[in-house]
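> Sequence and predicted model, in that order:
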Amino acid sequence: MPGSIPHYGVWTLKQDPKSPHIYLYFTDSSDSSSSKEIEAAINVRSTDKDSRLVFWLTRNFSNDVTQQLDGLSQSFHLLSTYAHCSDRAHSEHIHSHNNSHHHESRHYNDAGAKLQGLDYIRTQGLVNIKSGSVLPTEASGPNNDIMDELEPILTDAINQKATVYIFGSSYGSGIHDIHMNQGSLPSFENGIYEDGALLFKFADGHWEAVFLAFASQRIPTNDKGEYESNSQTLASILGQTDSKDQ
């Protein structure tokens, strides 16, 4: 059953050029009377024994979802899987795999309510699971950890003033759960069509995308986003079961 990730939606924005690598800070000016700084909390380490992430980077991203995103105003938009779900009693307490923000989000725009959320497994043409790279948070040397991969695309997007679309869970002053949100242990929120992502539209019209997951998350998942009995960890699927970042 969809609708398990609290306040799941997509935030459309222009980046603040002072954004650091783990947190992106941007100004939300959707309310003409005021503006406030919002943060995007990007997980770069799992709390699981295997702390690594799985990373997919597409420098020339093409998917039908981009056509729908193009029409969204700069604001937070609840997406269909959350906006159309009536039983949200548990949503007062928001939990992520690495963050625990306890704030109810009341700031949103429902223009995206007809846009279905992302699902790494079910959204056609979104992510090729087997092309992922399992990376530690930090490692000595070049081009071998998650920060080495994230920095170039974030820097390019900032410098070129790309429009950014951040899929995740809003907690009022920001957005988190910007990663796969299914296949985790039952103690974490799981759901389908509620996966996080970073999508960038550049001035020349091309799109780039970043997808993140935890190496310990498992697939396949059922219609609640919980892993099935025959599931495997992403690390195992990608042949990277030995963690060097614990």
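Good, I have the coordinates.
> the bottom helix or strand of this protein by mean pLDDT?
helix 80-83 (a mean of 59; mean pLDDT, DSSP states H and E).
> So what would you say the end-to-end distance of stretch 192-208 is?
23 Å (C-alpha to C-alpha, to the nearest Å).
> buried residues in that stretch?
Going by neighbour count (16 or more other C-beta atoms under 10 Å), the buried part of stretch 192-208 is 192-201, 207-208. C-betas here are computed from N, CA, C, even on glycine.
> Give the next helix or strand downstream of the least confident helix or strand of the chain.
strand 133-135 (DSSP states H and E).
> List the pairing partners of that next one within its sheet, with orientation.
strand 53-58 (antiparallel) (DSSP bridges).
> Extract the C-alpha set from the strand it pairs with and format it as CSV.
Taking Å, rounded to 0.1, in the frame of the first residue of the first chain, the C-alpha atoms of strand 53-58 are listed here in CSV:
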residue,chain,number,x,y,z
LEU,A,53,25.7,4.0,-0.2
VAL,A,54,24.8,2.9,-3.7
PHE,A,55,25.1,5.7,-6.2
TRP,A,56,23.6,6.1,-9.7
LEU,A,57,24.6,9.2,-11.7
THR,A,58,23.1,10.0,-15.1
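> and the angle for the helix or strand where residue 199 lies with strand 53-58?
Using DSSP H and E, residue 199 sits within strand 197-201. Per axes from the mean of the first three to the mean of the last three C-alpha atoms, to 10 degrees, the angle that strand 197-201 makes with strand 53-58 is 20 degrees.
> The helix or strand that strand 197-201 is followed by to strand 53-58, inter-axis angle?
Following strand 197-201 in sequence order, the next helix or strand is strand 207-214 (DSSP H and E). With the same axes, to 10 degrees defining the directions, strand 207-214 sits at 170 degrees from strand 53-58.
> Report the contact partners of the closest residue to residue 192 other than its chain neighbours.
Of all residues beyond its chain neighbours, the one nearest residue 192 is residue 225 (4.8 Å), with distances taken as C-beta to C-beta, 6 or more residues apart in numbering. Taking C-beta atoms under 8 Å, 6 or more residues apart in numbering, we find residue 225 in contact with 4, 181-183, 190-192, 194.
> do that again at 6 Å, thanks
Neighbour list for residue 225: 4, 182, 190-192 [criterion: C-beta atoms under 6 Å, 6 or more residues apart in numbering].
> what's the answer for residue 152, then?
Residue 152 neighbours (C-beta under 6 Å, 6+ apart): none.
> Pretty sure residue 66 sits against residue 206.
No: using C-beta atoms under 6 Å, residue 66 and residue 206 do not qualify as a contacting pair, with a distance of 10.0 Å.
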